[in-house]
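1. requesting a structural model of the entry that follows:
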Amino acid sequence: QVQLVESGGGSVQSGGSLRLSCAASGLTWCMGWFRHAPGKEREGVATIYTDGGGTYYADSVKGRFTISQDNAKNTVYLQMNSLKPEDTAMYYCAAGSSVCSVSRRFPYWGQGTQVTVSS
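-> Just a heads-up that it's a prediction; the model follows:
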């Protein structure tokens with residue numbers, strides 16, 4: 001069982017930045033960030049291989065978001081720059097996928113942190 005706690009969400013204006021943190025009871029081989037906005041399907045934002053740092057980004061965030069890890073702190077981060085109103089969503093950290101892909105099942109999820117971007 002892996003416990004995940006997200007933090008760092010908040011309200012910012014368009015063009016601003018936020019850094020989300022995901023504190024894990026233990027890092028799994030693959031960690032990911034997802035987001036869910038009202039009326040929209042859940043979207044896989046980014047994943048990272050914690051044993052080598054290989055990353056994936058959704059096209060919608062590529063070039064603006066960066067996923068990273070601190071193995072010593074069992075923490076995964078999502079640095080979000082140049083935020084847009086369409087980035088407004090609840091952001092969730094996830095762990096434990098046997099195939100590191102946002103289209104595959106992640107068995108462990110945090111409670112989420114809200115990000116709101118105003119124009």
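2. from what I see, V102 and F34 are in contact.
-> Yes. With contact defined as CB atoms under 8 Å, V102 reaches F34; the gap is 7.0 Å. Heads up, the C-betas are built off the backbone N, CA and C, glycines and all.
3. which residues do these two both contact?
-> E43, G44, V45 (CB atoms under 8 Å, 6 or more residues apart in numbering).
4. any of those buried? List them.
-> Among those, those scoring as buried are G44, V45 (criterion: 16 or more other CB atoms under 10 Å).
5. so which of the shared contacts of V102 and F34 belong to strands?
-> Judged by DSSP state E, strands contain the following of these: E43, G44, V45.
6. from these, which is closest to C30?
-> Taking CB to CB as the measure, C30 lies nearest G44 of those, at 11.6 Å.
7. so which strand or helix has the residue nearest the centre of the chain?
-> Centroid-nearest residue in the chain: W33, 2.4 Å away (criterion: CA atoms, centre = their mean). If you go by DSSP states H and E, W33 is part of strand 30-36.
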